[in-house]
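>>> Have a look at this fold, sequence not included:
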């Protein structure tokens, strides 16, 4: 099993998400907890992909056409760090 951790910025954004996006996030968390990044890659609806540029080393999964969950993972300790949940704006703040 994988441990899911949330950056404080992600926690703030989760509180403001619409209910249908929270439902998708719950599914994402369930898959990530059970199967880790390989499970997310195998689920076609999330369109999981590696990011480039400023976000190199991070991955993105689609929760909807607009919302993405941005995360990184450390396979040595089976940990997934959710960095942000954003309305498709990959600029670092």
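That came through fine. Small disclaimer: the values here were computed from a predicted structure and weren't measured.
>>> name the helices or strands packed onto the lengthiest helix in the chain?
Longest helix of the chain, by residue count under DSSP state H: helix 19-42. Based on contacts counted as 3 or more C-beta pairs under 8 Å, 6 or more residues apart in numbering; DSSP states H and E, the elements that helix 19-42 packs against are strand 3-6, strand 59-62, strand 68-74, strand 79-86. Every residue, glycine included, has its C-beta placed from N, CA and C.
>>> Can you name every helix or strand that the third one contacts?
Using 3+ C-beta pairs under 8 Å, 6+ apart as the contact criterion, the secondary-structure elements in contact with strand 68-74 are helix 19-42, strand 59-62, strand 79-86.
>>> With respect to the helices and strands packed on helix 19-42, which exhibits the lowest mean confidence?
Note on those: lowest mean pLDDT is at strand 79-86, with a mean of 83.
>>> List the neighbouring strands of it plus their orientation.
Strand pairing for strand 79-86, determined by DSSP bridges: strand 3-6 (parallel), strand 68-74 (antiparallel).
>>> so which of the ones you listed is the most packed in?
strand 68-74 (a mean of 20; mean count of other C-beta atoms under 10 Å).
>>> What residues does the residue positioned nearest the centre of the chain make contact with?
Among the residues of the chain, the one closest to the centroid is residue 69, at 3.2 Å (C-alpha atoms, centre = their mean). By C-beta atoms under 8 Å, 6 or more residues apart in numbering, the residues touching residue 69 are 25, 28, 60-61, 63, 82, 84-85.
>>> If anything else comes up later, I'll come back, but that's it for now.
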